[in-house]
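Trainee: I would like to see how this sequence folds:
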Amino acid sequence: MDYKKIFEKIGDGNFFVKNTAGPVLDGALKVSLNRKGNTLFNQGNIEGARRVFLTTGYSDGLSRIGDYYKSQGRLLDALKMYWIAPDHAKSETIIIRLSELIRKLIEEEEDTPNE
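Mentor: Residues are numbered from 1 along each chain as shown. The predicted model follows:
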């Protein structure tokens, strides 16, 4: 199945696909890239750091990117980073918040009389 063609039909590109097969990196390269990602993060280049951490699969870095997104109110982006990290404790808190929001919206919809 060609996932790229399927997602091209969506149009806006606002999605992510978790790919289980990442690039094969030797230990020294992975350490070097993680250091670069940490430097980028500390310099405020969050998106550059995110790309590096996604490439290396550096869970602590991904979790810190998630923390940054959460502090900016970007809960879905934060959830993506926590999910990939995987940081179940942090992703669970966002999932609970989002499920409470959905529950309230459903309750409001049920309480609204049909016109």
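Trainee: next one: the top helix by length along the chain to chain centre, how far?
Mentor: In terms of residue count, the longest helix belonging to the chain (DSSP state H) is helix 88-111. What separates the centre of helix 88-111 from the centre of its chain is 18 Å, taken as Cα atoms, centre = their mean, to the nearest Å.
Trainee: now do the buried residues in that helix.
Mentor: 90, 91, 94 (16 or more other Cβ atoms under 10 Å). Bear in mind the C-beta positions are built from the backbone N, C-alpha and C, glycine included.
Trainee: touching that helix from outside, list them.
Mentor: 63, 66, 67, 70, 75, 78, 79, 82, 83, 85 (Cβ atoms under 8 Å, 6 or more residues apart in numbering).
Trainee: can I have the buried ones of the residues you listed as a ChimeraX selection?
Mentor: Those of the contacts of helix 88-111 that count as buried under 16+ other Cβ under 10 Å are selected in ChimeraX with:
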select :63,66,70,75,78,79,82,83,85
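Trainee: wouldn't residue 36 be in contact with residue 53 here?
Mentor: No - if you go by Cβ atoms under 8 Å, residue 36 and residue 53 don't touch, sitting 10.1 Å apart.
Trainee: more neighbours, the two?
Mentor: residue 53 (26 against 14; other Cβ atoms under 10 Å).
Trainee: check which helix or strand residue 35 maps to.
Mentor: Per DSSP states H and E: residue 35 is located in helix 27-42.
Trainee: check which helices and strands the helix or strand following that helix sits against.
Mentor: Under the assignment DSSP H and E, the closest C-terminal helix or strand after helix 27-42 is helix 46-56. For helix 46-56, the elements it packs on are helix 27-42, helix 59-71, judged by 3 or more Cβ pairs under 8 Å, 6 or more residues apart in numbering; DSSP states H and E.
Trainee: most tightly surrounded among these?
Mentor: helix 59-71 (a mean of 19; mean count of other Cβ atoms under 10 Å).
Trainee: perfect, that will be all.
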